[in-house]
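Participant: Output the structure for:
(one chain, ligands or ions: 1)
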Amino acid sequence: MPLNPVDRSRHGTRHSRDLQLNPLFSREPVTVPRHALPDGAMDPDTAYQLVHDELMLDGNARLNLATFVSTWAEPQAQRLMAECADKNMIDKDEYPQTAELETRCVHMLARLWHAPDPDRVMGCSTTGSSEAAMLAGLALKRRWQHRRRAAGKPVDRPNLVMGVNVQICWEKFADYFEVEPRYVPMDGDRYHLTPETAVGLCDENTIGVVAVLGSTFDGSYEPVAEIAAALDAFEARTGLDVPVHVDGASGAMIAPFVDPALEWDFRVPRVASINTSGHKYGLVMPGVGWALWRDADALPDDLVFHVNYLGGDMPTFALNFSRPGAQVVAQYYTFLRLGFDGYRRVQQTCRDVATRLAARIAELGPFELITDGGQAPVFAFRIREGVGTYSVYDVSAALRERGWLVPAYTFPENRTDLEVLRIVVRNGFGHDLADLLLDDLRRVLARLERQPGPQRDADDAGGFAHGAETKDPRRPGRR
Ligand SMILES: *Cc1c(COP(=O)(O)O)cnc(C)c1O
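Facilitator: Numbers count the residues shown, from 1 in each chain. So this is what the prediction gives:
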(Lines give C-alpha, C1' and ligand atoms only; values in the text may rest on other atoms or scores of the structure.)
Protein backbone atom coordinates (compact mmCIF):
# COMPACT_ATOMS: atom_id res chain seq x y z
CA MET A 1 0.00 0.00 0.00
CA PRO A 2 1.61 3.26 -1.02
CA LEU A 3 1.82 5.92 1.65
CA ASN A 4 0.16 8.28 -0.76
CA PRO A 5 -2.61 6.04 -2.03
CA VAL A 6 -4.65 6.83 -5.05
CA ASP A 7 -7.90 8.38 -3.91
CA ARG A 8 -10.36 6.03 -5.55
CA SER A 9 -13.40 7.75 -4.19
CA ARG A 10 -12.36 10.84 -6.09
CA HIS A 11 -11.11 9.28 -9.28
CA GLY A 12 -13.26 6.18 -9.55
CA THR A 13 -12.15 3.34 -11.74
CA ARG A 14 -10.34 5.50 -14.27
CA HIS A 15 -7.24 4.82 -12.25
CA SER A 16 -7.04 1.22 -13.32
CA ARG A 17 -6.70 2.26 -16.96
CA ASP A 18 -3.31 2.75 -18.63
CA LEU A 19 -2.17 6.26 -19.41
CA GLN A 20 -3.21 7.26 -22.94
CA LEU A 21 -0.58 8.99 -25.02
CA ASN A 22 -2.18 9.15 -28.42
CA PRO A 23 -3.38 10.79 -30.49
CA LEU A 24 -2.18 13.84 -28.59
CA PHE A 25 1.52 13.24 -29.05
CA SER A 26 1.23 11.15 -32.25
CA ARG A 27 4.13 9.08 -31.08
CA GLU A 28 4.88 5.56 -29.90
CA PRO A 29 4.06 4.05 -27.47
CA VAL A 30 0.33 4.46 -27.50
CA THR A 31 -0.27 3.68 -23.85
CA VAL A 32 1.95 3.12 -20.82
CA PRO A 33 1.08 1.35 -17.61
CA ARG A 34 -0.01 3.65 -14.80
CA HIS A 35 1.22 1.68 -11.80
CA ALA A 36 3.79 -0.73 -13.24
CA LEU A 37 7.24 0.01 -14.58
CA PRO A 38 6.90 0.16 -18.39
CA ASP A 39 8.54 -2.78 -20.19
CA GLY A 40 10.63 -0.64 -22.45
CA ALA A 41 12.03 2.84 -22.81
CA MET A 42 10.28 5.73 -24.52
CA ASP A 43 11.36 8.89 -26.19
CA PRO A 44 12.50 11.45 -23.60
CA ASP A 45 10.36 14.18 -25.12
CA THR A 46 7.29 11.98 -24.83
CA ALA A 47 8.06 11.15 -21.22
CA TYR A 48 8.72 14.80 -20.46
CA GLN A 49 5.47 15.94 -22.03
CA LEU A 50 3.45 13.29 -20.24
CA VAL A 51 4.82 14.26 -16.83
CA HIS A 52 4.65 17.95 -17.58
CA ASP A 53 1.02 17.73 -18.65
CA GLU A 54 -0.07 15.77 -15.62
CA LEU A 55 1.48 18.40 -13.35
CA MET A 56 -0.69 21.12 -14.89
CA LEU A 57 -3.30 20.05 -12.34
CA ASP A 58 -1.11 21.05 -9.40
CA GLY A 59 -2.09 24.37 -7.88
CA ASN A 60 -0.36 27.62 -8.75
CA ALA A 61 2.36 27.86 -6.12
CA ARG A 62 2.30 31.66 -5.99
CA LEU A 63 -1.39 31.62 -5.05
CA ASN A 64 -0.70 29.14 -2.27
CA LEU A 65 -1.23 31.21 0.87
CA ALA A 66 -1.19 28.09 3.03
CA THR A 67 2.48 27.25 2.85
CA PHE A 68 5.35 28.92 4.67
CA VAL A 69 7.78 27.56 2.11
CA SER A 70 9.32 29.61 -0.71
CA THR A 71 7.48 29.63 -3.98
CA TRP A 72 9.67 32.16 -5.70
CA ALA A 73 13.40 32.43 -6.20
CA GLU A 74 15.58 34.48 -8.46
CA PRO A 75 16.56 32.94 -11.80
CA GLN A 76 20.21 33.13 -10.73
CA ALA A 77 19.47 30.98 -7.67
CA GLN A 78 17.59 28.54 -9.86
CA ARG A 79 20.49 28.44 -12.31
CA LEU A 80 22.95 27.65 -9.53
CA MET A 81 20.63 24.92 -8.28
CA ALA A 82 20.52 23.37 -11.74
CA GLU A 83 24.31 23.58 -11.96
CA CYS A 84 24.58 21.77 -8.61
CA ALA A 85 21.88 19.19 -9.23
CA ASP A 86 24.52 16.47 -9.37
CA LYS A 87 26.17 17.32 -6.05
CA ASN A 88 25.58 15.17 -3.01
CA MET A 89 25.92 17.18 0.18
CA ILE A 90 27.46 14.21 2.00
CA ASP A 91 30.42 13.99 -0.39
CA LYS A 92 32.28 16.74 1.37
CA ASP A 93 35.60 15.39 0.21
CA GLU A 94 34.57 15.38 -3.45
CA TYR A 95 32.80 18.73 -3.28
CA PRO A 96 34.87 20.64 -0.76
CA GLN A 97 33.62 24.02 -1.95
CA THR A 98 29.99 23.07 -1.46
CA ALA A 99 30.96 21.96 2.04
CA GLU A 100 32.79 25.25 2.52
CA LEU A 101 29.68 27.21 1.55
CA GLU A 102 27.65 25.24 4.10
CA THR A 103 30.21 26.14 6.77
CA ARG A 104 30.06 29.81 5.82
CA CYS A 105 26.27 29.76 6.10
CA VAL A 106 26.54 28.29 9.62
CA HIS A 107 29.00 31.05 10.56
CA MET A 108 26.71 33.72 9.15
CA LEU A 109 23.72 32.36 11.08
CA ALA A 110 25.78 32.13 14.29
CA ARG A 111 26.53 35.85 14.02
CA LEU A 112 23.03 36.75 12.90
CA TRP A 113 21.72 34.96 16.00
CA HIS A 114 24.23 36.71 18.26
CA ALA A 115 26.26 33.75 19.44
CA PRO A 116 28.62 35.19 22.06
CA ASP A 117 31.43 33.10 20.59
CA PRO A 118 30.49 32.32 16.97
CA ASP A 119 33.57 30.18 16.44
CA ARG A 120 32.36 27.74 19.08
CA VAL A 121 28.94 27.30 17.47
CA MET A 122 28.21 23.86 16.07
CA GLY A 123 25.80 23.68 13.18
CA CYS A 124 24.73 21.94 10.02
CA SER A 125 22.31 22.12 7.16
CA THR A 126 19.36 19.75 7.10
CA THR A 127 16.51 18.98 4.74
CA GLY A 128 14.31 21.42 6.65
CA SER A 129 13.23 22.38 10.14
CA SER A 130 11.73 18.96 10.75
CA GLU A 131 15.08 17.20 10.47
CA ALA A 132 16.64 20.04 12.44
CA ALA A 133 14.02 19.50 15.17
CA MET A 134 14.86 15.79 15.34
CA LEU A 135 18.56 16.60 15.72
CA ALA A 136 18.00 19.34 18.28
CA GLY A 137 15.59 17.15 20.23
CA LEU A 138 18.09 14.29 20.21
CA ALA A 139 20.82 16.60 21.51
CA LEU A 140 18.54 17.69 24.37
CA LYS A 141 17.68 14.09 25.16
CA ARG A 142 21.28 12.89 25.10
CA ARG A 143 22.48 15.78 27.28
CA TRP A 144 19.80 14.99 29.82
CA GLN A 145 20.73 11.29 29.76
CA HIS A 146 24.39 12.09 30.38
CA ARG A 147 23.52 14.37 33.29
CA ARG A 148 21.16 11.85 34.81
CA ARG A 149 23.53 8.89 34.43
CA ALA A 150 26.37 10.89 35.97
CA ALA A 151 24.09 11.52 38.94
CA GLY A 152 23.08 7.86 39.13
CA LYS A 153 19.48 8.64 38.24
CA PRO A 154 17.12 6.78 35.89
CA VAL A 155 16.86 7.85 32.25
CA ASP A 156 13.72 6.04 31.23
CA ARG A 157 11.13 8.83 31.34
CA PRO A 158 12.31 11.89 29.44
CA ASN A 159 9.77 14.59 28.62
CA LEU A 160 9.75 17.69 26.43
CA VAL A 161 7.67 20.75 27.31
CA MET A 162 6.05 22.83 24.55
CA GLY A 163 2.85 24.55 23.58
CA VAL A 164 0.12 22.51 21.94
CA ASN A 165 0.59 24.93 19.04
CA VAL A 166 3.95 23.38 18.05
CA GLN A 167 4.34 22.24 14.50
CA ILE A 168 3.71 18.56 13.89
CA CYS A 169 7.47 17.82 13.66
CA TRP A 170 7.72 18.05 17.46
CA GLU A 171 4.94 15.55 17.87
CA LYS A 172 6.88 13.30 15.50
CA PHE A 173 10.11 13.81 17.42
CA ALA A 174 8.43 12.80 20.67
CA ASP A 175 6.82 9.78 19.09
CA TYR A 176 9.80 8.53 17.06
CA PHE A 177 12.38 9.08 19.77
CA GLU A 178 10.23 8.07 22.72
CA VAL A 179 10.09 11.26 24.67
CA GLU A 180 6.88 12.12 26.50
CA PRO A 181 5.42 15.25 24.89
CA ARG A 182 4.04 17.67 27.48
CA TYR A 183 1.82 20.09 25.67
CA VAL A 184 0.69 23.26 27.35
CA PRO A 185 -2.93 23.57 26.25
CA MET A 186 -4.46 26.72 24.87
CA ASP A 187 -6.64 28.63 27.26
CA GLY A 188 -9.13 31.31 26.30
CA ASP A 189 -7.30 33.90 24.21
CA ARG A 190 -3.87 32.42 25.00
CA TYR A 191 -2.80 30.52 21.91
CA HIS A 192 0.81 29.75 22.74
CA LEU A 193 3.36 29.03 25.42
CA THR A 194 3.89 31.43 28.32
CA PRO A 195 6.59 31.43 31.03
CA GLU A 196 4.32 30.21 33.84
CA THR A 197 2.64 27.49 31.81
CA ALA A 198 6.00 26.19 30.54
CA VAL A 199 7.61 26.03 33.97
CA GLY A 200 4.47 24.46 35.37
CA LEU A 201 5.10 21.29 33.35
CA CYS A 202 8.85 20.99 34.00
CA ASP A 203 10.39 18.48 36.34
CA GLU A 204 13.62 16.52 36.72
CA ASN A 205 12.80 14.51 33.60
CA THR A 206 12.38 17.52 31.33
CA ILE A 207 15.01 17.45 28.58
CA GLY A 208 14.11 20.95 27.41
CA VAL A 209 11.46 23.50 26.54
CA VAL A 210 10.68 24.29 22.91
CA ALA A 211 9.76 27.92 22.26
CA VAL A 212 8.41 28.78 18.83
CA LEU A 213 9.19 32.00 17.03
CA GLY A 214 6.34 32.19 14.55
CA SER A 215 3.59 29.82 15.67
CA THR A 216 2.17 27.67 12.92
CA PHE A 217 -1.37 28.42 14.04
CA ASP A 218 -1.26 32.20 14.00
CA GLY A 219 2.27 33.49 13.29
CA SER A 220 2.79 34.79 16.83
CA TYR A 221 6.15 34.77 18.60
CA GLU A 222 6.40 32.94 21.90
CA PRO A 223 8.15 35.00 24.60
CA VAL A 224 11.55 33.26 24.52
CA ALA A 225 13.41 35.59 26.92
CA GLU A 226 10.58 35.53 29.45
CA ILE A 227 10.34 31.74 29.27
CA ALA A 228 14.10 31.55 29.83
CA ALA A 229 13.87 33.94 32.79
CA ALA A 230 11.14 31.81 34.35
CA LEU A 231 13.37 28.77 33.90
CA ASP A 232 16.21 30.69 35.59
CA ALA A 233 13.97 31.20 38.59
CA PHE A 234 12.90 27.56 38.43
CA GLU A 235 16.55 26.52 38.50
CA ALA A 236 17.24 28.79 41.47
CA ARG A 237 14.32 27.16 43.26
CA THR A 238 14.85 23.51 42.32
CA GLY A 239 18.39 23.16 41.01
CA LEU A 240 16.99 21.82 37.73
CA ASP A 241 18.67 23.33 34.68
CA VAL A 242 16.25 23.07 31.73
CA PRO A 243 17.62 24.27 28.37
CA VAL A 244 15.53 26.05 25.74
CA HIS A 245 15.43 25.19 22.08
CA VAL A 246 14.01 27.86 19.78
CA ASP A 247 12.02 26.61 16.81
CA GLY A 248 12.59 29.57 14.56
CA ALA A 249 11.45 27.80 11.39
CA SER A 250 10.01 31.12 10.23
CA GLY A 251 10.90 33.66 12.89
CA ALA A 252 14.64 33.06 13.08
CA MET A 253 14.91 34.52 9.58
CA ILE A 254 12.50 37.38 10.29
CA ALA A 255 13.17 38.72 13.78
CA PRO A 256 16.91 39.42 13.25
CA PHE A 257 16.05 41.79 10.42
CA VAL A 258 12.86 43.51 11.50
CA ASP A 259 12.81 43.06 15.29
CA PRO A 260 16.49 43.58 16.12
CA ALA A 261 15.77 44.60 19.73
CA LEU A 262 13.85 41.42 20.49
CA GLU A 263 16.07 39.06 22.47
CA TRP A 264 15.11 35.53 21.51
CA ASP A 265 18.41 34.06 20.29
CA PHE A 266 21.86 33.15 21.67
CA ARG A 267 21.81 36.47 23.56
CA VAL A 268 19.60 34.56 25.97
CA PRO A 269 22.05 32.31 27.83
CA ARG A 270 19.52 29.51 28.33
CA VAL A 271 18.95 29.12 24.58
CA ALA A 272 20.98 26.04 23.71
CA SER A 273 19.98 25.59 20.09
CA ILE A 274 17.99 27.15 17.26
CA ASN A 275 16.56 25.81 14.04
CA THR A 276 15.28 27.56 10.97
CA SER A 277 13.96 26.61 7.56
CA GLY A 278 16.22 28.00 4.86
CA HIS A 279 13.32 27.28 2.53
CA LYS A 280 10.88 29.53 4.40
CA TYR A 281 11.96 33.08 5.19
CA GLY A 282 15.53 32.06 4.35
CA LEU A 283 14.13 32.50 0.83
CA VAL A 284 15.45 29.29 -0.76
CA MET A 285 13.34 26.80 -2.73
CA PRO A 286 12.28 23.68 -0.76
CA GLY A 287 14.88 21.37 0.71
CA VAL A 288 17.05 23.17 3.27
CA GLY A 289 17.01 23.90 6.98
CA TRP A 290 19.58 24.74 9.61
CA ALA A 291 20.31 23.61 13.16
CA LEU A 292 22.79 25.47 15.36
CA TRP A 293 24.02 24.74 18.88
CA ARG A 294 25.54 27.42 21.08
CA ASP A 295 28.71 25.35 21.64
CA ALA A 296 30.02 21.81 21.89
CA ASP A 297 28.49 21.42 25.35
CA ALA A 298 25.05 21.80 23.82
CA LEU A 299 25.71 19.09 21.22
CA PRO A 300 27.07 15.91 22.85
CA ASP A 301 29.98 14.60 20.83
CA ASP A 302 28.69 11.04 20.98
CA LEU A 303 25.88 12.02 18.59
CA VAL A 304 28.35 13.08 15.93
CA PHE A 305 29.46 10.32 13.59
CA HIS A 306 32.80 10.31 11.87
CA VAL A 307 32.49 8.91 8.40
CA ASN A 308 35.65 8.16 6.51
CA TYR A 309 34.93 5.73 3.73
CA LEU A 310 34.40 8.46 1.17
CA GLY A 311 38.01 9.45 1.73
CA GLY A 312 38.77 11.75 4.60
CA ASP A 313 37.40 12.10 8.10
CA MET A 314 34.09 13.85 8.10
CA PRO A 315 31.93 14.58 11.12
CA THR A 316 28.23 14.25 10.45
CA PHE A 317 25.08 14.74 12.48
CA ALA A 318 22.14 14.10 10.21
CA LEU A 319 19.30 11.67 9.70
CA ASN A 320 19.98 11.31 5.99
CA PHE A 321 23.18 10.25 4.33
CA SER A 322 22.76 11.49 0.75
CA ARG A 323 21.07 14.83 0.29
CA PRO A 324 21.08 17.46 -2.45
CA GLY A 325 23.77 20.12 -2.25
CA ALA A 326 21.94 22.56 -4.52
CA GLN A 327 19.77 24.11 -1.83
CA VAL A 328 22.76 24.83 0.38
CA VAL A 329 24.46 26.55 -2.54
CA ALA A 330 21.28 28.54 -3.16
CA GLN A 331 21.20 29.55 0.51
CA TYR A 332 24.73 30.87 0.27
CA TYR A 333 23.85 32.69 -2.95
CA THR A 334 20.84 34.32 -1.30
CA PHE A 335 22.86 35.40 1.74
CA LEU A 336 25.44 36.99 -0.57
CA ARG A 337 22.92 38.48 -2.91
CA LEU A 338 20.67 40.13 -0.33
CA GLY A 339 22.96 40.77 2.59
CA PHE A 340 21.45 42.02 5.84
CA ASP A 341 19.74 44.98 4.28
CA GLY A 342 18.24 42.95 1.44
CA TYR A 343 16.71 40.48 3.88
CA ARG A 344 15.48 43.36 6.01
CA ARG A 345 13.69 44.89 3.04
CA VAL A 346 12.13 41.61 1.95
CA GLN A 347 10.90 40.74 5.45
CA GLN A 348 9.70 44.28 6.15
CA THR A 349 7.73 44.23 2.90
CA CYS A 350 6.18 40.88 3.81
CA ARG A 351 5.20 42.34 7.18
CA ASP A 352 3.77 45.49 5.55
CA VAL A 353 1.73 43.41 3.13
CA ALA A 354 0.52 41.10 5.91
CA THR A 355 -0.46 43.85 8.35
CA ARG A 356 -2.20 45.89 5.66
CA LEU A 357 -4.07 42.88 4.28
CA ALA A 358 -5.08 41.82 7.81
CA ALA A 359 -6.39 45.32 8.54
CA ARG A 360 -8.38 45.39 5.28
CA ILE A 361 -9.87 41.98 6.04
CA ALA A 362 -10.85 43.17 9.52
CA GLU A 363 -12.59 46.17 7.92
CA LEU A 364 -14.78 43.93 5.79
CA GLY A 365 -17.00 43.33 8.82
CA PRO A 366 -17.61 39.63 9.22
CA PHE A 367 -14.07 38.74 10.30
CA GLU A 368 -12.19 39.13 13.55
CA LEU A 369 -8.39 38.92 13.60
CA ILE A 370 -6.65 36.41 15.87
CA THR A 371 -3.29 37.93 14.90
CA ASP A 372 -2.46 40.92 12.71
CA GLY A 373 0.65 39.82 10.79
CA GLY A 374 2.91 42.03 12.91
CA GLN A 375 5.22 39.22 14.06
CA ALA A 376 5.76 36.53 11.44
CA PRO A 377 3.92 37.92 8.38
CA VAL A 378 1.21 35.37 8.97
CA PHE A 379 -2.23 35.98 10.38
CA ALA A 380 -5.27 33.99 11.36
CA PHE A 381 -8.82 35.29 11.45
CA ARG A 382 -12.20 33.92 12.38
CA ILE A 383 -15.80 34.64 11.46
CA ARG A 384 -17.54 36.82 14.02
CA GLU A 385 -20.19 35.36 16.25
CA GLY A 386 -23.59 35.93 14.75
CA VAL A 387 -22.50 35.60 11.12
CA GLY A 388 -24.53 32.50 10.49
CA THR A 389 -24.69 31.77 6.79
CA TYR A 390 -21.18 30.47 6.10
CA SER A 391 -18.23 28.72 7.71
CA VAL A 392 -14.49 29.32 7.32
CA TYR A 393 -14.51 26.17 5.18
CA ASP A 394 -17.05 27.80 2.85
CA VAL A 395 -14.80 30.84 2.51
CA SER A 396 -11.76 28.66 1.84
CA ALA A 397 -13.61 26.65 -0.82
CA ALA A 398 -15.00 29.78 -2.48
CA LEU A 399 -11.54 31.35 -2.72
CA ARG A 400 -10.27 28.15 -4.25
CA GLU A 401 -12.55 28.73 -7.22
CA ARG A 402 -10.17 31.52 -8.21
CA GLY A 403 -7.06 29.50 -7.41
CA TRP A 404 -6.29 30.96 -3.96
CA LEU A 405 -5.29 28.39 -1.38
CA VAL A 406 -6.28 29.78 2.01
CA PRO A 407 -6.49 27.04 4.62
CA ALA A 408 -9.25 26.75 7.19
CA TYR A 409 -8.79 24.68 10.33
CA THR A 410 -9.76 24.35 13.97
CA PHE A 411 -7.50 25.16 16.87
CA PRO A 412 -6.41 22.30 19.15
CA GLU A 413 -7.88 20.92 22.35
CA ASN A 414 -9.55 23.48 24.61
CA ARG A 415 -10.20 25.77 21.65
CA THR A 416 -11.55 23.31 19.10
CA ASP A 417 -14.49 25.68 18.91
CA LEU A 418 -12.20 28.19 17.23
CA GLU A 419 -12.23 27.83 13.44
CA VAL A 420 -9.92 30.08 11.48
CA LEU A 421 -8.55 30.98 8.10
CA ARG A 422 -4.82 31.68 7.82
CA ILE A 423 -2.79 33.66 5.32
CA VAL A 424 0.98 33.35 5.03
CA VAL A 425 2.58 36.29 3.24
CA ARG A 426 5.84 35.43 1.51
CA ASN A 427 8.30 37.11 -0.80
CA GLY A 428 6.47 37.27 -4.13
CA PHE A 429 3.06 38.07 -2.62
CA GLY A 430 2.96 41.84 -2.78
CA HIS A 431 0.36 44.54 -2.24
CA ASP A 432 -1.05 44.04 -5.75
CA LEU A 433 -1.76 40.34 -5.31
CA ALA A 434 -3.12 41.12 -1.85
CA ASP A 435 -5.57 43.59 -3.42
CA LEU A 436 -6.68 40.97 -5.94
CA LEU A 437 -7.29 38.56 -3.08
CA LEU A 438 -9.33 41.20 -1.26
CA ASP A 439 -11.45 41.82 -4.37
CA ASP A 440 -12.13 38.10 -4.63
CA LEU A 441 -12.92 37.84 -0.94
CA ARG A 442 -15.46 40.67 -1.22
CA ARG A 443 -17.02 38.99 -4.22
CA VAL A 444 -17.40 35.58 -2.58
CA LEU A 445 -18.76 37.07 0.65
CA ALA A 446 -21.61 38.70 -1.24
CA ARG A 447 -22.57 35.25 -2.46
CA LEU A 448 -21.97 33.41 0.80
CA GLU A 449 -24.16 35.88 2.66
CA ARG A 450 -27.10 34.71 0.56
CA GLN A 451 -26.61 31.06 1.51
CA PRO A 452 -29.23 29.63 3.84
CA GLY A 453 -26.49 28.32 6.14
CA PRO A 454 -22.95 26.90 6.25
CA GLN A 455 -22.34 24.26 3.59
CA ARG A 456 -18.97 22.85 4.65
CA ASP A 457 -17.34 21.76 7.86
CA ALA A 458 -13.92 20.55 9.06
CA ASP A 459 -14.24 17.32 7.10
CA ASP A 460 -14.12 19.37 3.89
CA ALA A 461 -11.02 21.24 4.92
CA GLY A 462 -8.53 19.11 3.02
CA GLY A 463 -5.09 18.56 4.41
CA PHE A 464 -3.34 21.83 3.94
CA ALA A 465 -2.94 23.45 7.33
CA HIS A 466 0.85 22.88 7.09
CA GLY A 467 1.52 21.35 10.44
CA ALA A 468 -1.25 23.09 12.35
CA GLU A 469 -3.09 19.81 12.56
CA THR A 470 -4.62 18.06 15.50
CA LYS A 471 -2.36 16.50 18.08
CA ASP A 472 -4.37 13.33 17.78
CA PRO A 473 -3.38 11.64 14.54
CA ARG A 474 -5.88 8.89 15.14
CA ARG A 475 -8.81 11.22 14.86
CA PRO A 476 -10.11 10.33 11.42
CA GLY A 477 -10.34 12.77 8.57
CA ARG A 478 -8.02 15.40 9.98
CA ARG A 479 -4.59 14.01 9.41
C1 LIG B 1 7.38 24.74 8.96
C2 LIG B 1 7.65 24.58 10.38
C3 LIG B 1 8.32 23.43 10.84
C4 LIG B 1 8.70 22.30 9.91
O5 LIG B 1 9.65 22.79 9.01
P6 LIG B 1 9.99 22.10 7.61
O7 LIG B 1 11.10 22.95 7.14
O8 LIG B 1 8.76 22.18 6.78
O9 LIG B 1 10.41 20.69 7.89
C10 LIG B 1 8.61 23.35 12.18
N11 LIG B 1 8.26 24.33 13.03
C12 LIG B 1 7.61 25.44 12.64
C13 LIG B 1 7.29 26.50 13.64
C14 LIG B 1 7.29 25.60 11.29
O15 LIG B 1 6.68 26.72 10.88
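
Participant: From here on, just use CA atoms for contacts and neighbour counts.
Facilitator: Fine.

Participant: Give the buried residues for the strand or helix carrying Asp45.
Facilitator: Element membership for Asp45, per DSSP states H and E: helix 44-54. For helix 44-54, burial by neighbour count (16 or more other C-alpha atoms under 10 Å) applies to Thr46.

Participant: all helices in the stretch 151-300 of the chain, in order from the N-terminus.
Facilitator: Counting by DSSP state H, counting those that start in this stretch, the stretch 151-300 of the chain has helices at residues 168-176, 195-200, 224-238, 255-258.

Participant: List just the one of those that sits closest to Ser277.
Facilitator: Ser277 lies closest to helix 168-176 among those, at 12.5 Å (C-alpha to C-alpha).

Participant: Please identify the buried residues of that closest one?
Facilitator: So, applying 16+ other C-alpha under 10 Å, buried residues of helix 168-176: Ile168, Cys169, Trp170, Glu171, Lys172, Phe173, Ala174.

Participant: Need the winner for burial among the helices of the stretch 151-300 of the chain.
Facilitator: helix 255-258 (a mean of 21; mean count of other C-alpha atoms under 10 Å).

Participant: Show me what that helix is packed up against.
Facilitator: Counting contacts by 3 or more C-alpha pairs under 8 Å, 6 or more residues apart in numbering; DSSP states H and E, helix 255-258 packs against helix 326-363.

Participant: and the helix it packs on, what's its mean pLDDT?
Facilitator: For helix 326-363, mean pLDDT rounds to 98.

Participant: again, but for stretch 429-441
Facilitator: Averaged across stretch 429-441, pLDDT comes to 97.

Participant: for that stretch, the distance to its chain's centre please.
Facilitator: Put simply, stretch 429-441 sits 24 Å off its chain's centre (C-alpha atoms, centre = their mean, to the nearest Å).

Participant: all strands for the stretch 351-479 of the chain, in order.
Facilitator: With strands called from DSSP state E, counting those that start in this stretch, the stretch 351-479 of the chain shows them at 367-369, 378-383, 408-410, 419-424.

Participant: Return the residues of the stretch 251-400 of the chain in contact with the ligand.
Facilitator: Ser277, Gly289 (C-alpha under 6 Å from any ligand atom).

Participant: Kindly recompute the last result at 8 Å.
Facilitator: Residues of the stretch 251-400 of the chain lying close to the ligand by C-alpha under 8 Å from any ligand atom are Thr276, Ser277, Gly278, His279, Lys280, Gly287, Val288, Gly289.

Participant: how does this structure divide into domains?
Facilitator: 16-58, 78-334, 347-460 (automatic domain parsing).

Participant: Check which element follows the lowest-mean-pLDDT helix or strand in the chain along the chain.
Facilitator: Least confident helix or strand of the chain, by mean pLDDT, DSSP states H and E, is helix 8-11 with a mean of 53. Next helix or strand after helix 8-11 toward the C-terminus (DSSP H and E): strand 19-20.

Participant: re the thing from before, please identify the deepest-packed of the strands of the stretch 351-479 of the chain.
Facilitator: strand 408-410 (a mean of 26).

Participant: picking that back up, so which of the residues of the stretch 251-400 of the chain next to the ligand is the most crowded?
Facilitator: Within these, most neighbours by other C-alpha atoms under 10 Å means Ser277, with 33 neighbours.

Participant: That residue reaches Gly128, doesn't it?
Facilitator: Yes. Between Ser277 and Gly128 there is a contact at 5.3 Å, judged by C-alpha atoms under 8 Å.

Participant: Can you pull the residues that touch both of the two?
Facilitator: Here Ser277 and Gly128 share the contacting residues Val288, Gly289, Trp290, scored by C-alpha atoms under 8 Å, 6 or more residues apart in numbering.

Participant: Contacts only, for the residue of the stretch 301-450 of the chain at minimum distance from the ligand.
Facilitator: Here the residue of the stretch 301-450 of the chain nearest the ligand is Ala376; by C-alpha to the nearest ligand atom that distance is 9.9 Å. Ala376 makes contact with Leu213, Gly214, Gly219, Ser220, Tyr221, Ser250, Gly251, Ile254, Arg351, according to C-alpha under 8 Å, 6+ apart.

Participant: what do you get if the cut-off is 7 Å, keeping everything else the same?
Facilitator: Gly214, Gly219, Ser220, Ser250, Gly251, Ile254 (C-alpha atoms under 7 Å, 6 or more residues apart in numbering).

Participant: My guess is the first one contacts Ser250. True?
Facilitator: Think Gly214. Yes. Shown here, Gly214 and Ser250 form a contact pair, counting by C-alpha atoms under 7 Å, at 5.8 Å.

Participant: Export the shared contacts of Ser277 and Gly128 as TSV, with columns for distance to Glu100 and pLDDT.
Facilitator: Listed next are the shared contacts of Ser277 and Gly128 as TSV, based on distance: C-alpha to C-alpha, whole Å; pLDDT from 0 to 100:
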residue	distance to Glu100	pLDDT
Val288	16	98
Gly289	16	98
Trp290	15	98
